[in-house]
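Q: Let me see the structure of the following:
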Amino acid sequence: MFGGKGIYHSGLIVALEVDGEIQLKADAVSAADFQAAGCRQWIYAGHPGRKPTAMPYWSVPESALDDADEMARWAKAAYEAALRGGKGPKR
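A: You can find the predicted model right below:
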């Protein structure tokens, strides 16, 4: 699909692994928090001839990489975005 791996929690996709980097799911409610933390939004290059597409996944904040409690907060935010996404658990 996108050349990476999906990371699921309770049947919902909450993150991606793309090119060795974790990208956490965000939405209209949480994207500003990711941006304020200095995260980069993942831009999917797609297929040749198609324009790149901004995806609802953001890099992990640098400050969370060595802090398990902070990482847990960001992972929870990704799960909450997945819940708001309105798509039920993957079967």
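
Q: List of residues touching the lengthiest helix in the chain?
A: Counting by DSSP state H, the longest helix found in the chain is helix 68-84. Outside helix 68-84, the residues that touch it by CB atoms under 8 Å, 6 or more residues apart in numbering are 9-10, 12-15, 24-27, 29-30, 33, 56, 60-61, 63-65. (Each C-beta comes from the backbone N, C-alpha and C, glycine too.)

Q: what's the spacing between Leu16 and Cys39?
A: Here the criterion is CB to CB, to the nearest Å. By it, Leu16 lies 13 Å from Cys39.

Q: still on that earlier bit, got a PyMOL select line for the buried ones in the contacts of helix 68-84?
A: The PyMOL selection below is limited to those of those classed as buried (16 or more other CB atoms under 10 Å):
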select buried, resi 12+13+14+15+24+25+26+30+56+60+61+64
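
Q: Cross-reference the contacts of helix 68-84 with the strands and report the matches.
A: Of the positions in the contacts of helix 68-84, 9, 12-15, 24-25, 56 sit in strands, assigned by DSSP state E.

Q: Give me the neighbour count for Ala78.
A: Applying other CB atoms under 10 Å, we find 27 other residues in the vicinity of Ala78.

Q: And it, how close does it get to Gly38?
A: The value you get for Ala78 to Gly38, if CB to CB is used, is 16 Å.
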